[in-house]
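Peer 1: Provided below are the primary sequence and the corresponding predicted coordinates.
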Amino acid sequence: MQAASAYDREMFAVSEVVLKWRQYLLVIPDLLDQLRQYYAAHPDGQTLIQQIPRQPHDQLTYSPSNGFVMYKDCNFVPVVGDLSQRLLAEFHDSTIGGHSGVSATVARLATSFYWPRLLTDVKAYIKQCATYQSIKYNTQKLSGTLQLLSMPP
């Protein structure tokens, strides 16, 4: 990295910061506040936070962090309300998402968020997306024209 120009190093630093703080740069400004309120006020959210210290240390996957519950360094999104649907819309339908496919949408979501059945929800959401269904293309190789085999003598 030392051999790179100052512009390249600066661009690398900016891109790393954007990747690290992606969840705070969302277009949905109240999403993180809704998550924080869920964990503070909802009985299921409070139960989840209370159960975290009881996990065996070798299986510690959930951890509290600034009013959120983290699952392996990702914000854990509960399966109540429309939070997951709003995230799907943000990461698939917005100009950032660009109506990309399942793997790209899951990759973008998985950098900052996690919820059970994330992959299943993304597949179902994209299957219902009319824009994506109209612009997607077939990635299979086209079959060539059929050629007759010569008859043996």
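Peer 2: Looks like it came in fine. Not measured: the values here are computed from a predicted model. Residues are numbered from 1 along each chain as shown.

Peer 1: and the residue most central in space within the chain, what is it in contact with?
Peer 2: When CA atoms, centre = their mean is applied to the chain, the residue found nearest the centroid is residue 109 (0.9 Å). Going by CB atoms under 8 Å, 6 or more residues apart in numbering, residue 109 touches 87-88, 91, 118, 122. (Each C-beta comes from the backbone N, C-alpha and C, glycine too.)

Peer 1: adding neighbour count, pLDDT and secondary structure, write those out as JSON lines.
Peer 2: JSON lines is the format used below for these (neighbours: other CB atoms under 10 Å; pLDDT from 0 to 100; DSSP: H, G, I helix; E, B strand; the rest coil):
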{"residue": "87", "neighbour count": "25", "pLDDT": "87", "secondary structure": "helix"}
{"residue": "88", "neighbour count": "21", "pLDDT": "88", "secondary structure": "helix"}
{"residue": "91", "neighbour count": "25", "pLDDT": "84", "secondary structure": "helix"}
{"residue": "118", "neighbour count": "19", "pLDDT": "92", "secondary structure": "helix"}
{"residue": "122", "neighbour count": "24", "pLDDT": "92", "secondary structure": "helix"}
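
Peer 1: just the buried residues of the helix or strand hosting the residue nearest to the centre of the chain, please?
Peer 2: Following DSSP states H and E, one finds residue 109 within helix 102-110. By 16 or more other CB atoms under 10 Å, the buried positions in helix 102-110 come out as 105-106, 108-109.

Peer 1: give me the residue ranges of this protein where confidence is low.
Peer 2: By pLDDT under 70, the low-scoring segments of the chain are 1-2, 21-29, 55-60, 96.

Peer 1: apply 90 and report the result again.
Peer 2: 1-102, 104, 108-113, 115-116, 129-153 (pLDDT under 90).

Peer 1: before we move on, the earlier item: quick check, nearest of the buried residues of helix 102-110 to residue 38?
Peer 2: Comparing the buried residues of helix 102-110 against residue 38 with CB to CB picks out residue 109 as the nearest, at 18.1 Å.
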